[in-house]
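Trainee: need a structure here:
(7 chains)
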Amino acid sequence: MFNNAPWAPLVATGITIVLILVIAFLLRNLAHRLITRVVNRAASGGSITSRFRKGAPPDGIDVLLHERRKQRAETMGSVLKYIASIVILGTAVLTVLDRLTIPIAPVLTSVGILGVAIGFGAQELVKDFIAGLFMLLEDQYGVGDVIDAGAAVGTVEAVTLRVTRLRDADGRVWYVRNGTITRVGNESQGWSRAYVDVPVSYDADVVTVKVLLEHVAEEMWADPELRESKMVEPPQVYGVEQLSNSALVFRVTVKTLPAAQADVARELRLRVKAAMDAAGVAMVAIA
Amino acid sequence: MFNNAPWAPLVATGITIVLILVIAFLLRNLAHRLITRVVNRAASGGSITSRFRKGAPPDGIDVLLHERRKQRAETMGSVLKYIASIVILGTAVLTVLDRLTIPIAPVLTSVGILGVAIGFGAQELVKDFIAGLFMLLEDQYGVGDVIDAGAAVGTVEAVTLRVTRLRDADGRVWYVRNGTITRVGNESQGWSRAYVDVPVSYDADVVTVKVLLEHVAEEMWADPELRESKMVEPPQVYGVEQLSNSALVFRVTVKTLPAAQADVARELRLRVKAAMDAAGVAMVAIA
Amino acid sequence: MFNNAPWAPLVATGITIVLILVIAFLLRNLAHRLITRVVNRAASGGSITSRFRKGAPPDGIDVLLHERRKQRAETMGSVLKYIASIVILGTAVLTVLDRLTIPIAPVLTSVGILGVAIGFGAQELVKDFIAGLFMLLEDQYGVGDVIDAGAAVGTVEAVTLRVTRLRDADGRVWYVRNGTITRVGNESQGWSRAYVDVPVSYDADVVTVKVLLEHVAEEMWADPELRESKMVEPPQVYGVEQLSNSALVFRVTVKTLPAAQADVARELRLRVKAAMDAAGVAMVAIA
Amino acid sequence: MFNNAPWAPLVATGITIVLILVIAFLLRNLAHRLITRVVNRAASGGSITSRFRKGAPPDGIDVLLHERRKQRAETMGSVLKYIASIVILGTAVLTVLDRLTIPIAPVLTSVGILGVAIGFGAQELVKDFIAGLFMLLEDQYGVGDVIDAGAAVGTVEAVTLRVTRLRDADGRVWYVRNGTITRVGNESQGWSRAYVDVPVSYDADVVTVKVLLEHVAEEMWADPELRESKMVEPPQVYGVEQLSNSALVFRVTVKTLPAAQADVARELRLRVKAAMDAAGVAMVAIA
Amino acid sequence: MFNNAPWAPLVATGITIVLILVIAFLLRNLAHRLITRVVNRAASGGSITSRFRKGAPPDGIDVLLHERRKQRAETMGSVLKYIASIVILGTAVLTVLDRLTIPIAPVLTSVGILGVAIGFGAQELVKDFIAGLFMLLEDQYGVGDVIDAGAAVGTVEAVTLRVTRLRDADGRVWYVRNGTITRVGNESQGWSRAYVDVPVSYDADVVTVKVLLEHVAEEMWADPELRESKMVEPPQVYGVEQLSNSALVFRVTVKTLPAAQADVARELRLRVKAAMDAAGVAMVAIA
Amino acid sequence: MFNNAPWAPLVATGITIVLILVIAFLLRNLAHRLITRVVNRAASGGSITSRFRKGAPPDGIDVLLHERRKQRAETMGSVLKYIASIVILGTAVLTVLDRLTIPIAPVLTSVGILGVAIGFGAQELVKDFIAGLFMLLEDQYGVGDVIDAGAAVGTVEAVTLRVTRLRDADGRVWYVRNGTITRVGNESQGWSRAYVDVPVSYDADVVTVKVLLEHVAEEMWADPELRESKMVEPPQVYGVEQLSNSALVFRVTVKTLPAAQADVARELRLRVKAAMDAAGVAMVAIA
Amino acid sequence: MFNNAPWAPLVATGITIVLILVIAFLLRNLAHRLITRVVNRAASGGSITSRFRKGAPPDGIDVLLHERRKQRAETMGSVLKYIASIVILGTAVLTVLDRLTIPIAPVLTSVGILGVAIGFGAQELVKDFIAGLFMLLEDQYGVGDVIDAGAAVGTVEAVTLRVTRLRDADGRVWYVRNGTITRVGNESQGWSRAYVDVPVSYDADVVTVKVLLEHVAEEMWADPELRESKMVEPPQVYGVEQLSNSALVFRVTVKTLPAAQADVARELRLRVKAAMDAAGVAMVAIA
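Mentor: Have a look, this model is predicted:
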């Protein structure tokens, strides 16, 4: 009886549509909550770097990192929610149109052709966004870090999903697309190491030179100012690093705080030169 | 009764077509408004660079930037509206054709085959446009900036969605496709830095040289003309930058206004040379 | 009554076919007119370069440019019209076949398979054509310009949609596919700049040399012949450009008319050499 | 009455098949004629190069070129006709099979899968053929020309649609796939230019040297044998081309017949050396 | 009778749905078990490297390796189970929707278009994960190994499915995407080899030098400290490795424990230099 | 009457199947014959190289070439027949399955998905085979030829459809995938050319040197042993090839039999050196 | 009568399913046998290398090679059987599902989307496997061979379908993906060749030197120890290999057993140096 009533299909369709919309909104909310939870967990210490950094002595950086983490979580969360909403609601709308027997084939075809046409060109864009998303999730670097992004080396000024903005030593501002960064070197994590190569002629007495350099190393480590603000370990004299060219090359290295290696190396060069002059040992060109 | 009238389908089809067209125009207007709002927000300070530039002291550049922003917003807006109109009206037309039982399969197939055939070749074009769109949105550079676009370095003369036009130092005009620019270095943002390397022989006394250079640095900063029109911070003497080759190399650096680094470096070289001559310290070749 | 007549379908089909063909021809005419209008607008000053060139003093080049513009418009117009005709008439033919209940699936499949098979290989071809189309539209260069196309540098002898033909300085004729040109440097727009580096030994007195060079620069600008036919601005002495190697290197530059930089540089070298000889300042090797 | 006869479908099918085959053959003939006409037009002077060559003085080369053109036209014509036949007859066969209610889906699917599988690998092949086709059409080079194909430089021995065969100066035979040739440099079109750089020491008097070289140039042009068989224009003395290194470098250039530049340069070097020896001007090394 | 009852379809549908869900969960469990077994087998010695390592003398490393293996198995297992769950349950849900006559085409289309659009961009991501999965399965390297990953060389700090984190000798932390690592060189497996090249002049007596070097080699191997903690085999004197340049070059090599080669080489250089000095044999530059 | 008999469809299906199989076998035979004919024609002189080689004086090589040609024809023929059989019989089997109303969709889908999945990875393989096929067809090189395949240079030991096996001068055996060979240089076709550069100081008298070298050239050609077994044309003295560096460089060249150029060059060097010593002309270093 | 029984479809379906499964298992067995036969034939001497190796004198290597061949055959066989089983049984399962009117579209769609998504990323993986399969089939190298794989050079330690494991001379273990190896150089097949270049000054008498070197060559070949364990042919003196630089360079070569070339070259250098010293001929630097 009921099935054959003329208004039956209309009522059925109406109910279906309402049902679809209700389910769509429920799904959307569910997706949003899921995203919030995943992103929060990632932000609250789930990433590789934050765990690594916890090993460092506690200081003002921790507060900074916490702040950075929170911002990152919010950025990513809003992006993901945006995508989820589009997918779910778009599907719902298409389903409703289908129920109303409005043909959606033309829409799909029209969008599809355009989609494929643009898809090829846009893959770089998608690549950039995916790369950016994972770099944020893994916390590979943040504002203020000195990084080597291949295309450019400098201090990070901004990180977005598509590009990373750096400023190099010459003051040039670089916009590097995240998808073109295949490997990143972060110079601001934990420690750096300074190297100073000291070339002496083949006539030089290797023991004398080694003792001399070890003396310089000890004095440098004894300097309280340098030790506290710049160095992590006492300088080490490695011995004869190269034998082949016009010189015997001794190498001295120092483990320093991040980004302090250039300063320490300069100081070390000055001290080595002074000590060699005092001891009358001539330095020669390497090449 | 009504459902079986011979003219019923015609009337129904007519109503449907009208409905489709009305909805299409409504959607199109909606899309246009949405685009206008998004683009305006991006233009009125939402971009990365404009925020950065606000930190600089207020001057005539602000007016320029505002103007640049406005033009950019209009360019992008019109492009986006164009795309939206094509998609929406194209879909509407196809739907109407379908309702009139005019077969649209041949049209779609014909366009589709051609589309795929061209799609492969046109992806570079789409890539260029997408890259251009985002570069404009992010305001990576504008007319008058000196940029390093990889393929060419020079002053920007024009930015379109597909190509960027530069003029290099030799007067050559370069057309660089936006999609081939993977990273951009902008030399006109905030400050630049000049480097001057001063080579002295291994015989030289490092302390004397350092004092000499610091004296030159102070004098230069004391020069009111240079200070006001070109420099941002007093020159710094970095110490012995290189030890290895035929010379001890001292480095002096100056933070300058954007694009003033070459002038400042030349001035610094002249002053260093004069001071070294006066002090009788010989400079040697590095290589 | 009418609907059930045996000849009804035939008549209906006939009418439909006529309708399809009429619409197809109308669409084709519409497309042709649209293309004509767009191309004409682009030709009559809408392109980037033509606007730039208008700033230059009016001379015979303007006539040349107008001619070039017109030819370009016609070339592009005919290509675009050709494409439009194929798409529209092809669709119409397929639709007619379909109405005659002649199965078009085999044709489409057969063409489709071949199309995809060739499509992969032909994408380079399509890329070349699209690149050529845009280079023409943007008027990046024309016959007679000296350009750097990456693969070859020389004077443009012919520009087609697929290849650009150049002749380099050795007389070699180069065929460069437009799609492989990612950036173009045009040396024939507005002005060029000549650079002459003058190396003097570290013993030289920098002030003397600078004055000497400035004197040469003034004399050169005072020469009416050079000034009128080759130079745009008086030569500038930049100062000490390089300090590091075996020489102090002074740089002198001149802004010249397009392509005159080599001649001006040779003249400048001769004059500098003569002046240095007269003043007894020795020039040294840079390397 | 007629429509319901049991043999009616058979007759209809028979007529359709005959119709299909007739149309297919007509189309094939039409295509062949079209191809013949297009190819002939291209051969009879429609190509870029042949137009360029017409400007040269008439000689035996014209006959050669005509022959080359004719052969080219025939090669391309047969290839294109071959393709057209396959497409048209293949479609006809499929249509006939379909009309006989023999299912063609399996054939198509089977061929399609294989086609896609091979298509990816064969795209290089298609690319080679398309490149070869256009190189022939545009007459970029022919047998006997000396070309720079990137991968190899030498004299063209054979041009096919897939590969170009060269023999380089060492007698090595090179097979270069046409699709890998992104740009071609043809050294056998119109003229070549020889360059001879003459290095003199910084002590030399520039005017003396210039006069000396101009004298050599005049003498060389006065030599009737050289002038007729090798040179196109009198040699030009460009002046001081390089100032920077251990020498002042003068450049002399001559515009020669194609491929004669090496001979002319050797002759010029001998004469310059003799003249310099006679005048007592020493030549020095550049490096 | 039963088949025509009005509620029959409902009941049938209900039973089908239950069946589908039951089968889906059974399949999921089956897949999980399969994964557990495969991963465990791979972990318990099935991988190439672990077998290789078993040949080494048993020490503390074995415990470490066992631990590493277990962690690896768990990481991979959870990832694979995750994927299996998504595929199986996703299919089940779609089937259920289909049974409930809820149209799933829109969902699929909507997801499909987005999928293809993202698929192109995400392929790098998938590539990274697949590469990471296999690197883990094959145990190419683990935390603590010194590896050469092409983009960077250093000590592995962390291995995830997407990136490998290294710290190089300068203290820089590198994030290298696994998919960009085409070959890995692991310096921490089994042994390393140190090379020291000793250049003597062409005047030197080759026998004397060889005996001298062999003496140094024996002495070094006799040193108990070096032998136990660093070397694997006694040093070998290879003889005259190079004859051509300004020196006769003798080569001495030592097989050492992994990563000890730099220390051993430095020690060897010191000893060689001392022995040569004592014997009065002069060393010369190679270059 | 007949059409409605219950066994009619069965009989019809049976007949169809038999027909399909018969046609398939006929097609296969036809394809095989076609392949045999095409391959034979290619082998019996249709290839580029064989035609080229015919111009050379008849000797034992012709027999060798004939043998090589025959083997090549057989190799290719069997491959092509194999492919044809698979395509034709595969299609027939699918058609028969379809006629038996056994659904072939799952087979096709299953094979299709796997096919696409593998297709991407296998394209390199297909590329190799296609490249190998054409290299064989065009007879670019054969066993015993010395070729430059880009990745390696050496004597061909084996040519298969996928790889070419070479042995280089060091005895290393190279496997080069045919698809990675973009250009091949064959050193064993027709002739080779030896170059000897003779550097004399700027003091030398150019005429004396030229006469000296021409005398050496004549003597060498007069040597009957060299002339018969190694040289093709008398040696030529080119004149002053280079002027710029520390020497005047004369070039002497000889056209030799294939692969004899190194021997001839060594002989020529010995003779030139002896003649120069006898005449008291000093040779100098070029660099 | 029969056709209309209510249980008829069920029975028909049941029979079909049984038939499908039976055919599937038969096909699988057939495929397995085919694979076994093909692989066995390849292993028992069908590969290129094994044939080549048979030419070498029979020794212990033959047993080794036989073993290696057997293992390879088993590895490949099991892989291929695995693939065949998956394809055939997967198809059978899908067909059965289809017969049971369980919709398989969702499964296929779901798997298909995931497949395409992963397919792009996994193509490198497939490429690796295909490359590995063919390298094994063609026996390009095996465990113990010294190969040049482009990315690394060393001794093969393991060959799997995906990666090849090498150990280089420094003790570094390299994992090279098979798909990235475009060409392989195997240094362990048949013989190697040692080259020693002997530089003498331009003053030297070429005949004296040649005789001297030939004497050394004879003595070396006369040494029974060297001859048996290392050399294949007597050393050859090639004559003056280079004339141009600061020395006349004589070349001596020896054909040695595989991998013995370095040892032989060192021995040869020692002997040449001793002979030159004895004869009072000075050796000079080449560069």
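
Trainee: any part of the helix ranked longest in chain A near chain E?
Mentor: If you go by DSSP state H, chain A has its longest helix at helix A:60-99. Yes: Helix A:60-99 is in contact with chain E by C-beta under 8 Å from any C-beta of the partner chain, via A:87, A:90-91, A:94-95, A:98. To be clear about C-beta, it is placed using only N, CA and C from the backbone, and glycine gets the same treatment.

Trainee: and the residues you listed, which of them are buried?
Mentor: A:87, A:90-91, A:94-95, A:98 (16 or more other C-beta atoms under 10 Å in any protein chain shown).

Trainee: any idea which of these is closest to E:V252?
Mentor: For these, the minimum distance to E:V252 (C-beta to C-beta) is 66.3 Å, reached by A:V87.

Trainee: mean confidence score for the helix or strand harbouring A:V264?
Mentor: Assigned by DSSP states H and E, A:V264 belongs to helix A:261-279. The average of the pLDDT scores along helix A:261-279 is 88.

Trainee: same list (the residues of helix A:60-99 next to chain E) but as a markdown table, adding pLDDT.
Mentor: Conversion of the residues of helix A:60-99 next to chain E to a markdown table gives the following (pLDDT from 0 to 100):
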| residue | pLDDT |
| --- | --- |
| A:V87 | 71 |
| A:G90 | 73 |
| A:T91 | 73 |
| A:L94 | 71 |
| A:T95 | 74 |
| A:D98 | 70 |
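
Trainee: widest-spaced pair of these?
Mentor: A:V87 and A:D98 (16.6 Å).

Trainee: pop out the phi and psi values for A:P234.
Mentor: Main-chain torsions, A:P234, degrees, to the nearest 10: phi -60, psi 150.

Trainee: and the gap between it and A:Q189?
Mentor: Distance, A:P234 to A:Q189, by C-beta to C-beta, to the nearest Å: 22 Å.

Trainee: looking at those two, which one has more neighbours?
Mentor: A:Q189 (23 against 13; other C-beta atoms under 10 Å in any protein chain shown).

Trainee: any idea how far chain F is from the more buried one?
Mentor: Counting by C-beta to the nearest C-beta, to the nearest Å, the gap from A:Q189 to chain F is 38 Å.

Trainee: what pLDDT is listed against that residue?
Mentor: So, for A:Q189, pLDDT stands at 84.

Trainee: same check on A:R193?
Mentor: For A:R193, the predicted pLDDT is 91.

Trainee: secondary structure element holding it?
Mentor: Using DSSP H and E, A:R193 sits in strand A:192-200.

Trainee: any idea which helix or strand comes after that strand?
Mentor: Counting by DSSP H and E, what follows strand A:192-200 is helix A:206-222.

Trainee: and that next one, which residues are buried?
Mentor: A:206, A:209-210, A:212-213, A:216-217, A:220.

Trainee: using pLDDT, spot the least trustworthy of the residues you listed.
Mentor: Among those, pLDDT bottoms out at A:V206, giving 82.

Trainee: measure that residue to chain F for me?
Mentor: 35 Å.

Trainee: surely that residue touches A:A247?
Mentor: No: taking contacts as C-beta atoms under 8 Å, A:V206 lies outside contact range of A:A247: 12.0 Å.

Trainee: give me phi/psi at the residue of the stretch 51-200 of chain A found nearest chain E?
Mentor: Chain E sits closest to A:V126 of the stretch 51-200 of chain A, with a gap of 2.5 Å, by C-beta to the nearest C-beta. For A:V126, the backbone dihedrals (degrees, to the nearest 10) come out as phi -60, psi -40.

Trainee: that one touches E:Q123, doesn't it?
Mentor: No: the pair A:V126 / E:Q123 is not scored as a contact, 9.7 Å apart, by C-beta under 8 Å.
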